[in-house]
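Participant: Got a sequence here, can you build the structure:
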Amino acid sequence: MTALDLDFVRAQFPAFSEASLEGFAHFENAGGSYACRQAIEWLDRYYRQTKVQPYYPFPPSTKAGEQMDSAKARMAAWLNVGTDELHFGPSTSQNTYVMAQALREKLSPGDEVIVTNQDHEANIGVWRRLESGGVVIREWRVDPVAAELRAADLQALLGPRTRVVAFTQCSNVVASLNPVRELTDLVHRAGAWAIVDGVAACPHGMPDIQALGADIYLFSLYKVYGPHLGVMALRRELNAGLPSQGHFFNAGKAGARFTPAGPDHAQIAAVNGLMEYLDAVAHRHGFGSEPVRTRAAAVRNLFRDHETNLLQPLLDYLSDHPRVRMIGRVHAAERAPTVAFTVDGHRPRELASRLSDFGLGVGAGHFYAYRLMEALGIHPDDGVLRASFVHYTSPQEVTRLIMALDTLA
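Facilitator: Numbering: from 1, shown residues only. Next up is the predicted model:
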């Protein structure tokens, strides 16, 4: 099958058969997606059968550890990284914080860290705090009209003392798909590490991280139909070269060096459910027997094609409306289906509330992209409206959103 089987997909998400959600269309997926049935079932089963300390030599404990190990191995294979390079933490914000503490011990006064003003604050603020230790922070700024990051602007900032460059694969407001490999190659040629925030990109297809060239890649599973965990892929060479942030007796264990708090065992086990869902999609569309990297690429393309087709009519409507200021590109193939905009004469939160009366869940605010709002001349307290969807969204739901906006705007 070359087109996404939407009926099959929606049948895997209990939210679409939940009576309390009947008639509601979820357009704030960038803040958190629905969980797939398989992840929910794994979480329920873990709490009923194996909610004990894992890795001890009695049956429920042994089984719990095996489930956690399986989840890590399956996700690492899908992302094309080593199992020892994959780390689970409570959130992406927590994972970046831990890594910043490690880098604080590694960097010297005068070393330079480049951050953007396009990112979510989780991939800005923690690195900026290194300034208190003498690290020089340089800001890679967006074009204030297009809201885009330009590779040439990064090139101008790179220098002999650049050690780290932190940037997003896809802004949660602008939604442009930044050319990650081109940018990581620039960073590496300067002798620096590339830290890539993939939170806003991964709901639309989890990537081949090796192909992207990131030294650290981060995303959040609760936005990828799974449990509330942050995922971090960390190159093993970088892992070995940074000071451990865990307990001293775990300093020699690659998987424990940057997880200072105990992991949430049940949620890690529930990652098996997410992987089962992705494999089920691959099987349904004729890719189930292919090698894992082939399956991952095929599912990524299925999701992307479906979302692109749904997104273009919304972009056309918003970009043509005389009272709408839409942020980002007008061609669906160049961006994720996360669309931020303002409407003349309407405050975003008030309009979001009115859209709710139509059974539409649309977000409003700055979405932790506070510095981006300032760069675009938008007051962060007002922010923007944000309509975001993923592959389980239907054409009928997008049509409902356009019709409601046309009525209100």
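
Participant: residues near Leu186, how many?
Facilitator: 18 (other Cβ atoms under 10 Å). Backbone N, C-alpha and C define where each C-beta goes, glycine included.

Participant: that's a strand at it, yeah?
Facilitator: No. Using DSSP: H, G, I helix; E, B strand; the rest coil, the assignment for Leu186 is helix, not a strand.

Participant: For the residue nearest the centre of the chain, pull up the helix or strand it's in.
Facilitator: When Cα atoms, centre = their mean is applied to the chain, the residue found nearest the centroid is Val199 (1.4 Å). Using DSSP states H and E, Val199 maps to neither a helix nor a strand.

Participant: residues contacting it?
Facilitator: Each residue near Val199 by Cβ atoms under 8 Å, 6 or more residues apart in numbering is listed here: Thr92, His120, Ala122, Thr168, Asn172, Leu218, Phe219, Ser220, Lys223.

Participant: again, only this time at 10 Å
Facilitator: If you count contacts by Cβ atoms under 10 Å, 6 or more residues apart in numbering, Val199 has them with 30, 91-93, 119-120, 122-123, 168-170, 172, 218-220, 223-224, 230-231, 368.

Participant: try Phe167
Facilitator: So Phe167 contacts 114-116, 118-119, 123-124, 140, 149, 154, 178, 180, 183-184, 187, 194-197, 214 (Cβ under 10 Å, 6+ apart).

Participant: Does Pro59 touch Thr50 like I think?
Facilitator: Yes. With contact defined as Cβ atoms under 10 Å, Pro59 counts as touching Thr50 (9.0 Å).

Participant: more crowded one of those two?
Facilitator: Just comparing Pro59 and Thr50: by other Cβ under 10 Å the higher neighbour count belongs to Thr50, 21 against 11.

Participant: How about that one: what's its closest non-neighbour residue?
Facilitator: Ala64 (3.9 Å; Cβ to Cβ, 6 or more residues apart in numbering).

Participant: And the one you found, how close does it get to Leu43?
Facilitator: In this view, Ala64 and Leu43 are 13 Å apart by Cβ to Cβ, to the nearest Å.

Participant: Just want to know which of these two has more residues nearby.
Facilitator: For Ala64 versus Leu43, the count of surrounding residues by other Cβ under 10 Å is larger for Ala64: 23 against 20.

Participant: From the contacts of Phe167, which land in strands?
Facilitator: Ile114, Val115, Thr116, Trp140, Ala194, Ile195, Val196, Asp197 (DSSP state E).

Participant: Please enumerate the helices of the chain.
Facilitator: 6-11, 37-49, 59-79, 92-106, 125-128, 151-157, 180-189, 209-212, 236-241, 265-284, 292-320, 348-356, 370-375, 395-408 (DSSP state H).

Participant: These into JSON lines, with extra columns for mean pLDDT and distance to Ala19?
Facilitator: Below are the helices of the chain laid out as JSON lines (pLDDT from 0 to 100; distance: least, Cβ to Cβ, whole Å):
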{"stretch": "helix 6-11", "mean pLDDT": "98", "distance to Ala19": "16"}
{"stretch": "helix 37-49", "mean pLDDT": "98", "distance to Ala19": "16"}
{"stretch": "helix 59-79", "mean pLDDT": "98", "distance to Ala19": "31"}
{"stretch": "helix 92-106", "mean pLDDT": "96", "distance to Ala19": "33"}
{"stretch": "helix 125-128", "mean pLDDT": "97", "distance to Ala19": "41"}
{"stretch": "helix 151-157", "mean pLDDT": "98", "distance to Ala19": "50"}
{"stretch": "helix 180-189", "mean pLDDT": "98", "distance to Ala19": "42"}
{"stretch": "helix 209-212", "mean pLDDT": "98", "distance to Ala19": "39"}
{"stretch": "helix 236-241", "mean pLDDT": "96", "distance to Ala19": "47"}
{"stretch": "helix 265-284", "mean pLDDT": "98", "distance to Ala19": "23"}
{"stretch": "helix 292-320", "mean pLDDT": "97", "distance to Ala19": "26"}
{"stretch": "helix 348-356", "mean pLDDT": "97", "distance to Ala19": "18"}
{"stretch": "helix 370-375", "mean pLDDT": "98", "distance to Ala19": "38"}
{"stretch": "helix 395-408", "mean pLDDT": "97", "distance to Ala19": "18"}
